[in-house]
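Colleague: here is my input, please return the structure:
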Amino acid sequence: MGTNRKMVEDFKKAMMKEFEMTDLGLMKYFLGFQVRQSTGEVFICQEKYIEDLLKKFHMVACKPVSTPMSSNEKLQQEDAVEKVDAKTYRSLVGSLIYLTNTRLDIVHSVSLISRFMNQPSKLHYVAAKRILRYLQGTKKLGILYKKENGNNLVGFTDSDWAGSLDDRKSTCGYIFCLGSNVIA
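Modeller: Numbers count the residues shown, from 1 in each chain. Got it, this is the predicted structure:
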């Protein structure tokens, strides 16, 4: 239906007869997502959301880092470090979780820091702020969906095998693509 303009226009007219609505044209911004559409492609990002997040947590002028988390970072619940305000920490982590809709590169890091929402320490907060520093340098990244022929379904998965220092549970992740387009 999406590639046949006459069908799309007929559908819009039928919906407008049935419901009170207005055609606003191509979507540009929706629930914190910026959408850029061109022939055969749709690009989704959350650049403005990241800028607002950096303002909210006073990180606008922070120095960017090249990775969202240090590769040898091992966080644990009882780290004997001073605790921080749990409400502020939960707000930051919740905001980062919403950002993972378009930023698959931070999913693992956000998953790790979200384990400590009850009693976050300064180390946990520093790890969360490092993700903000990473976002500072990568605001414009997002997901590009391209029209392709002959799409193959491809999936990848990985696990850290007992990587949690608290309970020895594993963290695993996956990605599924239809052609070069990420779908899960």
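Colleague: could you report the neighbour count for residue 131?
Modeller: Using other C-beta atoms under 10 Å, residue 131 is surrounded by 23 other residues. Every C-beta, even on glycine, is put in place using the N, C-alpha and C of the backbone.
Colleague: state the phi and psi torsions of the closest residue to it other than its chain neighbours.
Modeller: Of all residues not flanking residue 131 in the chain, residue 68 sits nearest, at 4.8 Å (C-beta to C-beta, 6 or more residues apart in numbering). Note on residue 68: its backbone torsions stand at phi -70, psi -20 [degrees, to the nearest 10].
Colleague: contacting residues for residue 68?
Modeller: 105-106, 108-109, 130-131, 134-135 (C-beta atoms under 8 Å, 6 or more residues apart in numbering).
Colleague: and of the residues you listed, the nearest to residue 83?
Modeller: Distance ranking of these against residue 83, using C-beta to C-beta, places residue 130 first at 18.6 Å.
Colleague: gap between that closest one and residue 77?
Modeller: 19 Å (C-beta to C-beta, to the nearest Å).
Colleague: neighbour count winner among these two?
Modeller: residue 130 (19 against 15).
Colleague: so the more buried one is in which element?
Modeller: helix 122-137 (DSSP states H and E).
Colleague: let me see the mean pLDDT of that helix.
Modeller: Averaged across helix 122-137, pLDDT comes to 95.
Colleague: what does it rub up against?
Modeller: Counting by C-beta under 8 Å, 6+ apart, residues outside helix 122-137 touching it are 50, 53-54, 57, 59, 62-70, 73, 75, 79, 81-84, 89, 92-93, 96, 99, 103, 106, 109-110, 112-113, 116.
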